[in-house]
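Participant: here is a sequence with its predicted model. Questions after.
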Amino acid sequence: MGKVKITETILRDAHQSLIATRMKTEDMLPIAEKLDRVGFHSLEVWGGATFDSCLRFLNEDPWERLRVLRKAFKNTKLQMLLRGQNLLGYKHYADDVVEEFVKKSIENGIDIIRIFDALNDPRNIKTSIEATKKYGGHAQAAISYTTSPVHNNDYYIKLAVEMEKMGADSICIKDMSGILMPYEAEKLVRGLKKKISVPIQIHSHFTSGIANQTYMKAIEAGADIIDTAMSPLGMGTSQPATESMIASLQGSPYYPDIDMNLLLEITDYFSKLRDKYMKEGLLNPKVLNVDVRTLKYQVPGGMLSNLVSQLSSQGALDKFEEVLKEVPRVREDLGYPPLVTPMSQMVGTTAVFNVILGERYKMIPNEAKNYVKGLYGKTTVPVKEEIKKKIIGDEEVFTGRPADLLQPELGKLREEISEYIEQDEDVLSYALFPQVAVDFFKYRQAEKYKIDTNLVDEESKTYPI
Ligand code: CO
């Protein structure tokens with residue numbers, strides 16, 4: 001029992017959850033020096049959807065962002081989120097790409113890599129864990145938390161024990177939907193503490209309005225680290241608010257003793273930024289509400305808004321409730337996958353097809369076919385036999401490690417984009433998002449690209465805004 005540690009997520013998950021990952025590096029730098037002084041355990045700044053968003057929407061090189069942030073944060077560990085063998089993309093990559101990606105992430109400034117697999121298949125996080133350790137990073141293995149008749153504490157504890165054996169330096173319970181209940185969290189953390197010796201971190205979302213209590217019970221049960229977001233971009237579908245969580249622990253042995261005045265100065269900065277995002281229409285007040293539907297349908301906040309946009313583009317928004325009800329049925333048919341990328345998209349699209357076409361599994365997204373074929377890894381429980389037949393007929397299911405089917409890719413990829421390469425990392429951007437990366441490379445060649453590092457004056461430590 002000791003002081004709880006805090007991972008601040010405002011530079012990654014918070015803006016991914018609330019403003020579609022649109023925070024620019026230029027919006028981060030002016031507050032970097034203050035954030036760096038707080039004494040956070042770590043700052044989550046990279047990975048997840050930030051990589052895609054930099055290239056696709058912000059005309060930024062994600063690698064350059066990482067280097068600039070590394071320079072700005074001299075004292076605080078930088079953390080990223082990685083989807084195991086999927087890296088930051090939506091399919092499995094060959095081991096050589098995974099190893100190179102991890103190596104370059106660490107070289108450019110990442111200290112802690114949180115690694116998860118949507119199916120909790122340990123074979124899909126093995127290469128990234130090994131590479132993280134090989135290149136001197138902290139490998140945090142994350143459990144994708146969900147509930148189902150088979151996802152219980154015994155299942156999670158067994159998984160965590162296996163992750164620790166694989167070399168995980170810490171374990172995260174990753175509750176992307178905000179469905180981990182306070183007393184369940186308490187039991188789970190107690191159970192984990194008995195079986196594993198590495199630190200335990202809790203990551204949840206405020207979506208259903210419950211995460212603050214979940215954090216408190218988890219902390220009392222011995223959780224070492226919690227993920228929070230500074231209040232201007234906290235709560236709603238984001239993390240519990242940093243300032244409130246810290247204040248809640250006053251008078252307890254868990255209180256992290258963080259300078260509240262410094263925190264409030266940071267709050268001021270992000271409040272202004274939030275007003276700007278509101279004005280620009282980036283922040284929809286809807287995502288700030290408590291949405292209890294996630295408790296019933298287990299649909300994470302991001303997936304709810306995706307479903308809405310999918311349905312409205314088909315002119316079928318009136319089918320929303322029906323689709324919401326179809327999601328858990330599809331999930332059951334497919335062996336209860338946790339609804340996290342890429343399974344959330346797969347299950348969501350299948351549910352939309354099932355409802356709109358008026359016949360279940362008449363049309364099936366390619367990804368869902370590959371999932372049933374075993375190409376994403378082992379399902380928690382087998383896909384229902386009649387559903388499997390409907391989706392892939394008599395085709396055989398692959399039971400090995402999916403990445404074993406892939407040949408090394410880096411050499412070929414490098415050749416394909418040789419005319420654009422300005423740094424080793426470019427081949428990785430291209431591996432993950434081929435079209436989007438090439439568009440960015442062209443933009444960069446036209447010399448339109450520059451992050452304004454003048455915002456950070458290293459000598460005088462003064463920051464505009
Ligand atoms: Co999250």
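Facilitator: It's in.
Participant: quick one: E416 and Y430 touch, right?
Facilitator: Yes: counting by C-beta atoms under 8 Å, Y430 is a contact partner of E416 at 7.2 Å. Bear in mind the C-beta positions are built from the backbone N, C-alpha and C, glycine included.
Participant: who touches the residue nearest the centre of the chain in this structure?
Facilitator: Most central in the chain under C-alpha atoms, centre = their mean is G48, positioned 4.3 Å from the mean C-alpha point. The neighbours of G48, taking C-beta atoms under 8 Å, 6 or more residues apart in numbering as the test, are R12, D13, Q16, T21, M80, L81, L88.
Participant: same thing with N120?
Facilitator: I143, S144, L159, P338, T380.
Participant: coming back round to it: quick one, which of E416 and Y430 is more surrounded?
Facilitator: Looking at E416 and Y430 with other C-beta atoms under 10 Å, you find the greater number of neighbours at Y430, namely 22 against 14.
Participant: by contact count, what packs against the helix or strand hosting the more buried one?
Facilitator: Using DSSP states H and E, the element containing Y430 is helix 426-432. Contacts defined by 3 or more C-beta pairs under 8 Å, 6 or more residues apart in numbering; DSSP states H and E place helix 426-432 against helix 50-56, helix 95-107, helix 410-416, helix 434-445.
Participant: closest one to F206 among these?
Facilitator: Taking C-beta to C-beta, helix 50-56 is the member of the helices and strands packed on helix 426-432 nearest to F206, at 20.0 Å.
Participant: neighbouring contacts of the closest one?
Facilitator: Counting by C-beta under 8 Å, 6+ apart, 12, 16, 20-22, 60-62, 65, 88-89, 429, 432-433, 436-437, 439-440 sit against helix 50-56.
Participant: only C-alpha atoms, please: export stretch 356-365 in PDB.
Facilitator: Only the C-alpha atoms of stretch 356-365 are listed here, as PDB (Å, rounded to 0.1, in the frame of the first residue of the first chain):
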ATOM      1  CA  ILE A 356     -30.100  -3.400 -42.900                       C
ATOM      2  CA  LEU A 357     -30.200  -6.400 -45.200                       C
ATOM      3  CA  GLY A 358     -33.000  -8.000 -43.100                       C
ATOM      4  CA  GLU A 359     -31.200 -11.300 -43.100                       C
ATOM      5  CA  ARG A 360     -28.400 -12.300 -40.700                       C
ATOM      6  CA  TYR A 361     -25.000 -13.000 -42.200                       C
ATOM      7  CA  LYS A 362     -26.200 -12.500 -45.800                       C
ATOM      8  CA  MET A 363     -23.300 -10.200 -46.400                       C
ATOM      9  CA  ILE A 364     -20.100 -10.400 -44.300                       C
ATOM     10  CA  PRO A 365     -17.200  -8.000 -44.100                       C
END
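Participant: how close does G89 get to I387?
Facilitator: Computed as C-beta to C-beta, to the nearest Å, the G89 to I387 distance reads 27 Å.
Participant: quick one: buried residues of the lengthiest helix in the chain?
Facilitator: Among the segments of the chain that qualify as a helix by DSSP state H, the longest is helix 260-279. Within helix 260-279, the residues that count as buried by 16 or more other C-beta atoms under 10 Å are L263, I266, T267, Y269, F270, L273, R274, Y277.
Participant: what sits against the third one?
Facilitator: With contact set as C-beta under 8 Å, 6+ apart, T267 has these partners: M230, S231, P232, E243.
Participant: would you confirm that the last one contacts S231?
Facilitator: Yes: with contact taken as C-beta under 8 Å, E243 and S231 are classed as touching, separated by 5.4 Å.
Participant: the two - which one has more neighbours?
Facilitator: More crowded of E243 and S231, by other C-beta under 10 Å: S231, with 23 against 19.
Participant: that one and S244 touch, don't they?
Facilitator: Yes: with contact defined as C-beta under 8 Å, S231 counts as touching S244 (6.7 Å).
Participant: just the buried residues out of the contacts of helix 50-56, in ChimeraX syntax.
Facilitator: Buried residues within those, by 16+ other C-beta under 10 Å, are selected in ChimeraX with:
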select :12,16,20,21,22,60,61,62,65,88,89,429,432,433,436,437,440
